[in-house]
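Student: Quick check, what structure comes out for this input:
(chains A, B and C)
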Amino acid sequence: MNKRKITVAATGLNNIDSPGPGIPVIRGLKESETLDIRIVGLSYETLEPGIYMHDLVDKVYQLPLPTAGSAVLKERLRYIASQEKIDVLIPNFDAELHNFIKIQDDLKNELNIATFLPSQAIFDERQKSELGKFGEKYGVKVPESHMINQVTEIRKLEESLHYPMVIKGRYYDAYIALTYEQASNYFYKIIAKWGYPVIVQEFVTGTEVNVTAIGDGKGTCIGAVAMRKLYITDKGKAWSGISLEDDELLDISKRVIENSKWRGGCELEFIKTKDDEYYLLEMNPRFPAWVYLANGCGQNHPEALVKMALGEEVKPFTNYQSGKMFIRYSYDLIVDISEFQQISTMGER
Amino acid sequence: MKVRKNIAISENGFIFNPLTGDSFSVNETGVFILQKLKEEESEATILQNLMDEYELDAHTAEKDLNDFLSMLQNYQLTTNE
Amino acid sequence: MKPNYESPIIKKLNAGMMNKFGSRTEYIPVKYIDNVAVADLMDQYGSPLFVISEKTIRQNYQKAVKAFKMRYPKVQFAWSYKTNYLDAVCQVFHQEGSWAEVVSGFEYQKALRNGVPGNLIIFNGPDKSKEDLILAIKNRSLIHIDHFDELYMLIDILEDMEETKARVAIRVNMDTGIYPQWDRFGFNYENGQAWNAIMRIIAQEKLQFEGLHCHIGTYMLTANAYAVAAQKMCELALSYSNTTGENIKYIDMGGGFCSVNTLKGSYLQGADIIPTFDDYAEAITSTILQSGFRPDTLPLLILETGRALIDEAGYLLGTVLATKRLADGRRATIVDTGVNIMFTSFWYNHRVSPAQDFSQHAEDTVLYGPLCMNIDSLRESITLPILKKGDRIVIQDVGAYNMTQWMQFITLRPNVVMIDTTGKVHLIRKQETIDSIVNYEIVPEHLK
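Tutor: Numbering: from 1, shown residues only, chains lettered A, B, ... in the order given. Below you'll find the predicted structure:
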């Protein structure tokens, strides 16, 4: 069969010990049975391994860091689009999503680059600090959480939350506190780094289980695959994981995707308690780095996303194989300095 | 002051120091000065070369050249032999 | 012809560091403001120089008013004098239809001098003297009471003023989920203080209770906080009409809307994360409309936003005084626009652009002002094209607070010009001379 040729741009080429999702997404795309996809890698730094993976990434351009703002990003993409026709762009970094969501319509209208992203409103709803409201609105249990601005408020929360409790920053960092003294220490640590407010969350014990999922933005969950980490690195990242057959977990995940009309890929992180209750801890607004496992057990989510971005109808996946494992490994690429020179001085290779 | 041997300077301003593994980028004026240093020109000659090449007064030329040479030294790209 | 000269630079390529595509917006040269050449402005009016675009003020004002008026029938803006009280600036706002919002006797006098009728001046703030209040009462101005001491002072004053009533409102503070909560101003909503104040006021025949005022914070990144505030204001207003049978005439939601500037420590650019006028308007007006007022009793909605209307209209033009190398190898660039005239650089990473063409090369530099004082640092690290002595820069979005909070410190304050909507340039504040300062000094005889 003749495969249709298209070009997809992807970020997240940092396939390091705490990997970005770019390379796994690209592997899924390269294995499409209907599309022949040329990959344009978009990098932020000069040592992202994906830049040097010629078999997966056909061409690379540097992007301005997200801190430079969406106007600068658009300017750079305008240049890239003048060099080559990009059909679909898949951003894979949390920090860059805000800017891409902001300019998604302009990309389509001015540069004819399709994306498949949620709206800003839905993107904001699943922010850590809004998790309580999110759970209530979309019918999923979440740990009880409160936003506080004063350390003394912890005392008031002791009655309903008990210790241990989780003290979290608005965007990053989470600590488990066993006493008021610890909790107040973490409170100050967090405000020093991330500012107000501080999130105080119920500590839910159990097994962590994760789902990578994709929604069509109209209320259908196109695919969802559940996984449990088998081994984690000292950075807390999955080294190995296994696909699960857990209908209840998948039902809950589908409900979240359907009710929120999520558009694009995402990762749902749950805790399954001893009583078989599932608590949603976090919803990451992009594919996880382990998304290639979904492909490996029968659901090629990156390919589905590209098709939907192109306006094609995609039928929901109905099943996948449980018991498939992923095992990460590292691999040393040998690169001549001239390649590094090329990307460093020209901003592309 | 001389540029250390083995230091590669490309036309687009990329410099690689195989001794330390560091790489650098310089602008056109920087490439111009480095090439003169490679040709083992003296500082006085380079100063004059700069003023011949560009629209430039002597004070700025001297200040900029000194600053640039001190940065090269700082990055261990030159020797005083 | 010889090629253009650029100082030589060498940069170490650090893996993982910001690459050269890092911050290009700051590289776009700003050679014109409203079609007037920056170079011409500086040649004529010197450096540093503040420039205000009348066109931008009017455009921003109209955009803001439209956002509210298309959603709500009765809207009034009041120009926040403290944000920028240069008379020319105030007059643009008054011409557009703005009332005046003042927070001191001095600002009140300025508004009167600008021809604002007394009954269109809103008098806010914790500091109103007896004389200020008497004048405001006589002029039928809207007095927004900040604390009980002010309320009792008003009652005292009115006892001695026959057949005169004062038009008053109270400032209310509340929890809107925002930190810090500005509970130092006005009466608290949650603990019943605000209601208590209203009850005291309505017991006084000479106090005409007309409205409720709040101002929940500054640079508010979430429009939703205004919805929370509006809800609480409406609840107070409706309780008031249920209790007294009277309707509240207005709700003043204050200001605090963001401008496009980027706060220090913010990961994303200000322009990408700030709510629009439409977002704020939607949050406020939909809350009021749904809160239960009968259509004919809907209160007038007053807005006092300052920063969001004027920041983008202000530019500060400056000149590079010197470049040098710091002990740790970093580049430092010294410009003549210091913190003395750019107070907002304490909390913003202002956009700084060169005013002339340059090559694609750029360098990280510390940007210092001209003061012989360690605090005078504008940017700890900014990537700029290679600047040399005499090059000119344009600092953007400095229209709010800088021309009021500036300090006469070490040196004098510069000219301020306004470019009118036809492109004509007007001097609207003359640069200070030594006389501007020493004329107010008195040296005792024995020291002469």
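Student: tell me the secondary structure for A:Y186?
Tutor: Taken by DSSP: H, G, I helix; E, B strand; the rest coil, the conformation at A:Y186 corresponds to helix.
Student: To what extent is it buried, counted in neighbours?
Tutor: Other residues lying near A:Y186 total 24 when counted by other Cβ atoms under 10 Å in any protein chain shown. Heads up, the C-betas are built off the backbone N, CA and C, glycines and all.
Student: What's opposite A:G265 in the beta bridge?
Tutor: Counting by DSSP bridges, A:G265 is bridged to A:I214.
Student: Would you mind measuring from it to chain B?
Tutor: As judged by Cβ to the nearest Cβ, to the nearest Å, A:G265 and chain B stand 36 Å apart.
Student: what's the spacing between that residue and C:M233?
Tutor: 42 Å (Cβ to Cβ, to the nearest Å).
Student: Likewise for C:L427?
Tutor: In terms of Cβ to Cβ, C:L427 sits 42 Å off from C:M233.
Student: out of these two, which sits in the busier spot?
Tutor: Neighbour totals were compared for C:L427 and C:M233, and C:M233 leads with 28 against 13 (other Cβ under 10 Å).
Student: Validate this expectation: the more buried one resides in a strand.
Tutor: No: using three-state DSSP, the assignment for C:M233 is helix, not a strand.
Student: ok, which stretches of the stretch 251-400 of chain C are strands?
Tutor: In the stretch 251-400 of chain C, the segments counted as strands under DSSP state E, counting those that start in this stretch are C:300-303, C:314-325, C:331-335, C:352-354, C:362-368, C:377-385, C:392-396.
Student: so which of those comes closest to A:E84?
Tutor: Comparison of these against A:E84 by Cβ to Cβ identifies strand C:362-368 as nearest, at 26.0 Å.
Student: average pLDDT for the closest one?
Tutor: Taken as a whole, strand C:362-368 carries a mean pLDDT of 90.
Student: Relative to chain A, which residue of the stretch 101-250 of chain C is the closest?
Tutor: Nearest residue of the stretch 101-250 of chain C to chain A (Cβ to the nearest Cβ) works out as C:Y179 at 4.0 Å.
Student: you'd agree that residue is up against A:V198?
Tutor: No: checked against Cβ atoms under 8 Å, the pair C:Y179 and A:V198 is beyond contact range at 9.7 Å.
Student: What residues does chain B have near chain C?
Tutor: Within chain B, the residues that sit near chain C (Cβ under 8 Å from any Cβ of the partner chain) are B:15, B:22-30, B:32-33, B:53-56, B:60, B:64-65, B:67-68, B:70-72, B:74-75.
Student: Just the ones of those in strands?
Tutor: Under the assignment DSSP state E, these contribute B:15, B:22-26 to strands.
Student: Quick check: the residue nearest the centre of chain B vs B:K2, distance?
Tutor: The geometric centre of chain B, computed from its C-alpha atoms, lies nearest to B:L34 (Cα atoms, centre = their mean), at 3.2 Å. When Cβ to Cβ is applied, the distance between B:L34 and B:K2 equals 11 Å.
Student: Count the residues that sit near A:L333.
Tutor: Around A:L333 there are 11 residues (other Cβ under 10 Å).
Student: my bad, A:S129
Tutor: Close neighbours of A:S129, defined as other Cβ under 10 Å, add up to 17.
Student: Would you agree it is in contact with A:Y196?
Tutor: No: using Cβ under 8 Å, A:S129 is not in contact with A:Y196; the gap is 10.4 Å.
Student: what's the overlap in contacts for these two?
Tutor: Among the neighbours of A:S129, those also in contact with A:Y196 (Cβ atoms under 8 Å, 6 or more residues apart in numbering or on different chains) are A:R170.
Student: give me the residue from the stretch 51-200 of chain A nearest chain C.
Tutor: With Cβ to the nearest Cβ as the measure, A:G69 is the residue of the stretch 51-200 of chain A nearest to chain C, at 3.1 Å.
Student: Contacts only, for that residue.
Tutor: A:99, C:25, C:268-269, C:271-272.
Student: Next one: it relative to A:H98, how far apart?
Tutor: Counting by Cβ to Cβ, the gap from A:G69 to A:H98 is 10 Å.
Student: Identify the contacts common to these two.
Tutor: Residues touching both A:G69 and A:H98 by Cβ under 8 Å, 6+ apart: C:268, C:272.
Student: near chain A, which residues of chain B?
Tutor: Counting by Cβ under 8 Å from any Cβ, chain B sits next to chain A at B:10, B:12-14, B:16, B:23, B:25.
Student: Arrange those residues in a markdown table, one row each, with distance to C:T83 and pLDDT as further columns.
Tutor: Formatted as a markdown table, the residues of chain B next to chain A follow (distance: Cβ to Cβ, whole Å; pLDDT from 0 to 100):
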| residue | distance to C:T83 | pLDDT |
| --- | --- | --- |
| B:S10 | 52 | 88 |
| B:N12 | 48 | 83 |
| B:G13 | 46 | 88 |
| B:F14 | 49 | 91 |
| B:F16 | 53 | 91 |
| B:S23 | 49 | 90 |
| B:S25 | 44 | 88 |
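Student: filter these to the buried ones?
Tutor: With burial judged by 16 or more other Cβ atoms under 10 Å in any protein chain shown, the buried subset of the residues of chain B next to chain A is B:13-14, B:16, B:23, B:25.
Student: Can you tell me which of those is closest to chain A?
Tutor: Proximity of these to chain A (Cβ to the nearest Cβ) peaks at B:F14, which lies at 4.4 Å.
Student: give the contact list for that closest one.
Tutor: Contact analysis of B:F14 by Cβ under 8 Å, 6+ apart lists A:341, A:344-345, B:23-25.
Student: residues from the stretch 151-300 of chain A in reach of chain C?
Tutor: So far as Cβ under 8 Å from any Cβ goes, the stretch 151-300 of chain A lies against chain C at A:195-197.
Student: Now flag whichever of the residues you listed is closest to C:D435.
Tutor: Of all these, the one with the least separation from C:D435 (Cβ to Cβ) is A:G195, at 46.2 Å.
Student: could you list every residue that touches the closest one?
Tutor: So A:G195 contacts A:170, C:265 (Cβ under 8 Å, 6+ apart).
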